[in-house]
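> build the 3D model from these lines:
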Amino acid sequence: MKRTPVNPWDWSLKFGYNQAEIITDTSRQLICAGQTAVDCAGNPQHPGDMRGQISLALDNLEAVLADADMNLSNIIRLGVFATDVDEALKNFDLLGIRFGPVQCAPPMTLLGVTRLAIPGLLFEIEATAAA
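Here you go, the predicted model:
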């Protein structure tokens, strides 16, 4: 897969994402449902702890990717949903810690929502990946 960043402005780079990417030379795509801070039985974890929930949601996203023989470097788009955008942004270093080493800065949207599907969840991340 070849990625070509498209950034008519560079302000988004300091937040760790490109405005767009041209993706070529792919043979398959993976559309991931939103991943949250739940255990393998679907039970919410880390109540009231945004950092803990972001970390577990990223773990769960990586597990889905691994099951499809992919990893974070295959992600070509992210959608992020948070019940408290300011608190989520305080903990966005976790995304940098995960995506930085694989040099991946996919286009991303962050939306504030009043609640997520399961009460107590604070953060959800969905992804599209390609290989």
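> show me the contact partners of the helix ranked longest in the chain.
Taking DSSP state H as the criterion, the chain has its longest helix at helix 50-67. For helix 50-67, contacts defined as C-beta atoms under 8 Å, 6 or more residues apart in numbering pick out 30, 32, 35-38, 45-46, 71-72, 74-75, 82, 84, 87-88, 90-91, 94-95, 98, 121-125, 127, 129. Yep, even glycine has a C-beta here, placed from its N, CA and C like the rest.
> can you check stretch 30-48 too?
With C-beta under 8 Å, 6+ apart, stretch 30-48 has contacts from 52-58, 60-61, 64-65, 68, 70, 74, 79, 81, 116, 118-131.
> of those residues, buried ones?
Buried subset of those (neighbour count, 16 or more other C-beta atoms under 10 Å): 52-58, 60-61, 65, 70, 74, 79, 81, 116, 120-131.
> and the helices in this protein?
Using DSSP H, helices in the chain cover 50-67, 85-90, 93-99.
> out of the ones you listed, flag the one nearest residue 22.
helix 93-99 (18.6 Å; C-beta to C-beta).
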